[in-house]
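>>> Got a sequence here, can you build the structure:
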Amino acid sequence: MYGVAAGIRVDEDKVGFENVILEPIIDRRLGFVEASIETKFGKVLSKWTIDGDKVKYEFEVPNTAVIIIAGERKEVGKGKHTF
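Next up, the predicted model:
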């Protein structure tokens with residue numbers, strides 16, 4: 001669940017979630033997904049919710065991350081990020 005629907009993945013070029021790849025796969029049948037994982041760097045959270053025809057994404061990362069939404073790639077730093 002966390003690896004596909006929430007899209008939390010390890011960056012193979014970095015060790016132990018030092019950098020995270022977040023690429024959630026939306027399934028409108030679910031309505032929402034929220035998953036987190038504790039790493040040695042801190043908590044990684046991926047959440048999405050559907051409201052009508054819009055999707056709200058919320059992410060929390062302890063270091064750096066690459067967020068991929070609808071094929072668009074964003075590099076972000078530590079903290080909470082909403083799209």
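>>> Per-residue pLDDT of the spatially most distant residue from the centre of the chain, please?
Within the chain, G52 marks the point farthest from the mean C-alpha position, 21.1 Å out by Cα atoms, centre = their mean. pLDDT, G52: 92.
>>> what's K14 in contact with, if anything?
Taking Cβ atoms under 8 Å, 6 or more residues apart in numbering as the definition of contact, K14 has no neighbours. To be clear about C-beta, it is placed using only N, CA and C from the backbone, and glycine gets the same treatment.
>>> which parts of the lowest-mean-pLDDT helix or strand in the chain are buried?
Within the chain, no helix or strand scores below strand 8-10, which has a mean of 95 by mean pLDDT, DSSP states H and E. For strand 8-10, burial by neighbour count (16 or more other Cβ atoms under 10 Å) applies to 8-10.
>>> where does that strand sit relative to the chain's centre, distance-wise?
The chain centre lies 8 Å from the centre of strand 8-10; the measure is Cα atoms, centre = their mean, to the nearest Å.
>>> Could you name the helices and strands sitting against that strand?
Using 3 or more Cβ pairs under 8 Å, 6 or more residues apart in numbering; DSSP states H and E, the elements in contact with strand 8-10 are strand 19-22.
>>> Packing partners of the next helix or strand after the strand it packs on?
For strand 19-22, the following helix or strand on the C-terminal side (DSSP states H and E) is strand 32-39. Applying 3+ Cβ pairs under 8 Å, 6+ apart, we find strand 32-39 packed against strand 42-51.
>>> Now the element after the strand it packs on, going C-ward?
strand 54-61.
>>> what mean pLDDT does the next helix or strand after that following strand have?
Sequence order places strand 64-69 as the next helix or strand after strand 54-61, per DSSP H and E. Strand 64-69 shows an average pLDDT of 97 in the prediction.
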